[in-house]
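S.K.: Just the structure for this:
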Amino acid sequence: MAQGDIRFFAGALLEMGKGTHNLASNTLKVGLVTSTTTPVVGDTDPRWGAGGSVNFATNQVTPGGNYATGGAALASVTWTNVSGVMTLRATDPVIAQHASNPTNARWGIIYNDTATNKNAIGFIDFGSVRDLTTGPFTIDFGGAGTDVLTITPQA
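M.R.: Model prediction:
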């Protein structure tokens with residue numbers, strides 16, 4: 001993976017098929033975790049909490065400043081099919097600079113905060129540990145500020 005890459009968890013795709021996620025109405029968040037953990041696509045039941053194969057919340061950066069426990073909510077979330085490419089879109093979350101922000105964010109975990117089990121959907125590679133005290137921190141989904149995750153069916 002390279003910096004900025006965003007990946008779906010394999011278990012999340014299965015959950016979408018089973019109706020666990022209603023991407024039109026559920027609250028999705030991005031929680032920040034340290035380098036203590038490394039998310040992988042093959043995580044079968046990842047969660048932002050207990051009960052699954054991986055609990056990413058146990059490696060959350062220390063909340064403070066402009067980073068709240070559980071992370072930032074994604075706004076204007078839509079799930080669309082444009083020319084055979086399924087795309088989850090949202091407004092880029094921004095964490096404003098603050099001297100008490102975390103200094104050790106390595107990964108962003110996208111999860112469903114509405115789901116009882118807070119099932120994780122995907123993850124973002126920040127490329128290295130990020131210090132959020134030095135300036136505003138924007139998670140720019142897809143470079144254009146609108147694409148979160150895309151799936152292109154194989155021909």
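S.K.: CA atoms for contacts and neighbours, from now on please.
M.R.: Will do.
S.K.: which parts of the longest strand seen in the chain are buried?
M.R.: Determined from DSSP state E, the single longest strand within the chain is strand 120-130. Neighbour counts over strand 120-130 (16 or more other C-alpha atoms under 10 Å) mark 120, 121, 122, 123, 124, 125, 126, 130 as buried.
S.K.: hmm, which helix or strand of the protein has the shakiest average pLDDT?
M.R.: Scoring the helices and strands of the chain by mean pLDDT, DSSP states H and E places strand 147-151 at the bottom, with a mean of 59.
S.K.: show me the contacts for residue 32.
M.R.: By C-alpha atoms under 8 Å, 6 or more residues apart in numbering, residue 32 lies in contact with 60, 61, 70, 71, 105, 106, 107, 108, 109.
S.K.: ok, 7 Å please
M.R.: Contacts were defined as C-alpha atoms under 7 Å, 6 or more residues apart in numbering; by that measure residue 32 touches 60, 61, 71, 105, 107, 108, 109.
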